[in-house]
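Peer 1: got a structure for you, letters missing:
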């Protein structure tokens, strides 16, 4: 299984699975299947990659806005959410870049296939949720020393319990 992690400051960091500019082609291909809002696109990419990669809203929404600016997609409010659809220019762009777009979708699907060989998606999801929760609390600036110590104790206990399981 190919690793998308590299050592960085503070531990292991993941490399970006998509090269610069590739996300826009994945987005166009997924919107080609039918109108979608940003969160749906994020979840679809996460599903395709077996949970290995999900673009953050800070990556997805600027990409969507860029595609709107290019005239390749349009947005319309539906149930309080922006729903994005392909425009005629977007259809033409997909035709002009069909090989690139298909290659990006294939890359996402391949990541999902590799992920199936590794840890189960539900386990990776649980680990990601725990990590995100601990980091959010730690970075909130609202923790007392006692609360911080309690979190460290909980995580340490979980580590011991997992080793025994």
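Peer 2: Happy to help now that I have it. Every value quoted in this text rests on a predicted model; they were computed, and no experiment measured them.

Peer 1: what about the strands in the chain?
Peer 2: Using DSSP state E, the strands assigned to the chain run over residues 5-8, 11-14, 36-37, 73-78, 81-86.

Peer 1: Which parts of stretch 97-115 count as buried, going by neighbours?
Peer 2: Residues 97, 100, 101, 104, 105, 107, 108, 111, 112, 114, 115 are the ones in stretch 97-115 that count as buried (16 or more other C-beta atoms under 10 Å). Using the backbone N, CA and C atoms, a C-beta is placed for each residue, glycine as well.

Peer 1: Rebuild those residues as JSON lines, extending it with distance to residue 122 and pLDDT.
Peer 2: Putting those into JSON lines (distance: C-beta to C-beta, whole Å; pLDDT from 0 to 100) gives the following:
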{"residue": "97", "distance to residue 122": "35", "pLDDT": "93"}
{"residue": "100", "distance to residue 122": "33", "pLDDT": "91"}
{"residue": "101", "distance to residue 122": "30", "pLDDT": "91"}
{"residue": "104", "distance to residue 122": "26", "pLDDT": "90"}
{"residue": "105", "distance to residue 122": "24", "pLDDT": "89"}
{"residue": "107", "distance to residue 122": "23", "pLDDT": "87"}
{"residue": "108", "distance to residue 122": "20", "pLDDT": "86"}
{"residue": "111", "distance to residue 122": "17", "pLDDT": "79"}
{"residue": "112", "distance to residue 122": "14", "pLDDT": "74"}
{"residue": "114", "distance to residue 122": "17", "pLDDT": "66"}
{"residue": "115", "distance to residue 122": "12", "pLDDT": "59"}
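
Peer 1: any idea which of those is closest to residue 76?
Peer 2: Using C-beta to C-beta, residue 101 is the member of the buried residues of stretch 97-115 that sits closest to residue 76, with 22.9 Å.

Peer 1: Which residue, other than its chain neighbours, is closest to the closest one?
Peer 2: Excluding the flanking residues, the one nearest residue 101 by C-beta to C-beta, 6 or more residues apart in numbering is residue 25, at 4.0 Å.

Peer 1: and what of residue 75?
Peer 2: The shortest distance from residue 75 to any non-neighbouring residue, by C-beta to C-beta, 6+ apart, is to residue 82 (4.5 Å).

Peer 1: beta partners for the one you found?
Peer 2: residue 77 (DSSP bridges).

Peer 1: residues near it, how many?
Peer 2: Per other C-beta atoms under 10 Å, the neighbour tally for residue 82 reads 15.

Peer 1: wait, doesn't it sit right on residue 37?
Peer 2: Yes: Residue 82 is in contact with residue 37 according to C-beta atoms under 8 Å; the separation is 6.0 Å.
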